[in-house]
Each structure stands twice: as C-alpha cells, then as structure tokens.
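>>> Sharing a model prediction with you, sequence too.
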Amino acid sequence: MSIGETRIEIPPFMLAGHVLGWAAYGAGWLRGGHIERFAAAVLLSDWALSSVTFRWYADGVSWGLATQAVVVMAIFVRLALRSDRWWPIVAAAALVLIVLVHALTMVASITHPAAVSARVGLWMVVNTALLAGTAERWLAGEPAVSRGRAWSRRLPSGGLTPRNGQ
C-alpha cells in the first residue's frame, strides 16, 4: 500500500499481533465476564489512543507510548491482585516487561526495531492471555456476564432492573 510517495509495509509479525488483538478484544467483549470485558475495553482504548501517541517522540523515545504502557500496567496489576482469574497475572507480567522495554530504550542503546519487536511480542502475550481467559470461561460453561452483577441500571431499592422479562 502506498500513500503519496511513502510506501507502508506491515511485517507479518505485526499483522499477526493486530489480528490476535482484535480476536481477543471481540471474544473478551462478547463471551467474557466482567473482568474480560473490562480488560477488552482498556486494551481497545489503549490501542485507539496509541494510534495517536506513537508519534510523540523526544530524544528517540516515544513518551506517549511509554506513559500509556505504565497506566495500562497499573490497571492490570490492580486487576490481577483483585480478581480470582489466572490470566490477569500473565497479562500484568507481560505489561511489566513492556514497561521495562520502554525504560531500557530510554537508558540503554537498544535499537528501535528491537524494542518494537519486543513490545509487539509481549502485546501478543497480553492478548493471548485475554483470549485464553475468555475461552476458559466459555469452555467451562460460565455465563458471559454474571446475572448478579449485570450491566444495567440499579433500582433505588438496590435491585436490578428487569431485562427481557427476566
């Protein structure tokens, strides 16, 4: 694909990362519980914001992406500590490594292609963890969203509003 005089090439590794991400976000949202939906919303928001912030460079470092990585890492560490699911721990560990790659890019002489490749691979771990956690829930026969904590308005009495005659 070319835009004007610039030719854009997407390496297969990065394309696979995007496909895996979209599959994880879709599955997490459609088949996941509240934890998977929350994670899918956070990761999708991060993806959308990173399409703007990846251009914010100073001294060869993408400060926008590094800041985003720290925020997403903090969210997932909190999620891992507060949930009873296994996959947020895996995702949080990969996000800690992503932040470490950003930090090493700032202080060490890591080449840009090496840093990007490491981050893409680690993002694939995060997305695979979300996808595997959603698949585990689905294969175990757990409902997509728990009835006790349904995403609907609460009545002043504390009960849930009826949905579809339930």
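Arrived safely, thanks for sending.
>>> in terms of contact, does Thr134 touch His34 like I think?
No: assessed by C-beta atoms under 8 Å, Thr134 is found out of contact with His34, at 12.0 Å. (C-beta placed from N, C-alpha, C; glycine too.)
>>> Show me which of those two is the more surrounded one.
Higher neighbour count among Thr134 and His34: Thr134, with 28 against 14, using other C-beta atoms under 10 Å.
>>> From the contact counts, what lies against the strand or helix carrying the more buried one?
Using DSSP states H and E, Thr134 sits within helix 112-139. Where contact means 3 or more C-beta pairs under 8 Å, 6 or more residues apart in numbering; DSSP states H and E, helix 112-139 is packed against helix 12-31, helix 34-53, helix 87-107.
>>> ranking those by burial, who's on top?
helix 87-107 (a mean of 19; mean count of other C-beta atoms under 10 Å).
>>> What angle do helix 34-53 and it make with each other?
20 degrees (axes from the mean of the first three to the mean of the last three C-alpha atoms, to 10 degrees).
>>> Tell me what angle helix 87-107 forms with helix 12-31.
Going by the same axes, to 10 degrees, helix 87-107 makes 140 degrees with helix 12-31.
>>> heads up, I number from 42, so please use that
Noted, 42 is the first residue going forward, which turns the last one into helix 128-148.
>>> Touching, Thr146 and Ser158? I think so.
No: counting by C-beta under 8 Å, Thr146 stays clear of Ser158, with 12.0 Å between them.
>>> For Leu61, give me its contacts.
For Leu61, the contact set (C-beta atoms under 8 Å, 6 or more residues apart in numbering) comprises Met165, Asn168, Thr169, Leu172.
>>> Tell me the predicted confidence for the residue nearest the centre of the chain.
By C-alpha atoms, centre = their mean, the chain has its centre lying nearest to Leu84, at 2.9 Å. pLDDT recorded at Leu84 is 95.
>>> Excluding covalently adjacent residues, which one is nearest to it?
The shortest distance from Leu84 to any non-neighbouring residue, by C-beta to C-beta, 6 or more residues apart in numbering, is to Tyr66 (6.1 Å).
>>> now swap in Ala64 and tell me
Per C-beta to C-beta, 6+ apart, closest to Ala64 is Leu172, 6.3 Å.
>>> what about that neighbour, how many neighbours?
Neighbours of Leu172 (other C-beta under 10 Å): 22.
>>> before we move on, the earlier item: what about the helix holding Thr175, distance to the chain center?
Relative to its chain's centre, helix 153-180 lies at 8 Å (C-alpha atoms, centre = their mean, to the nearest Å).
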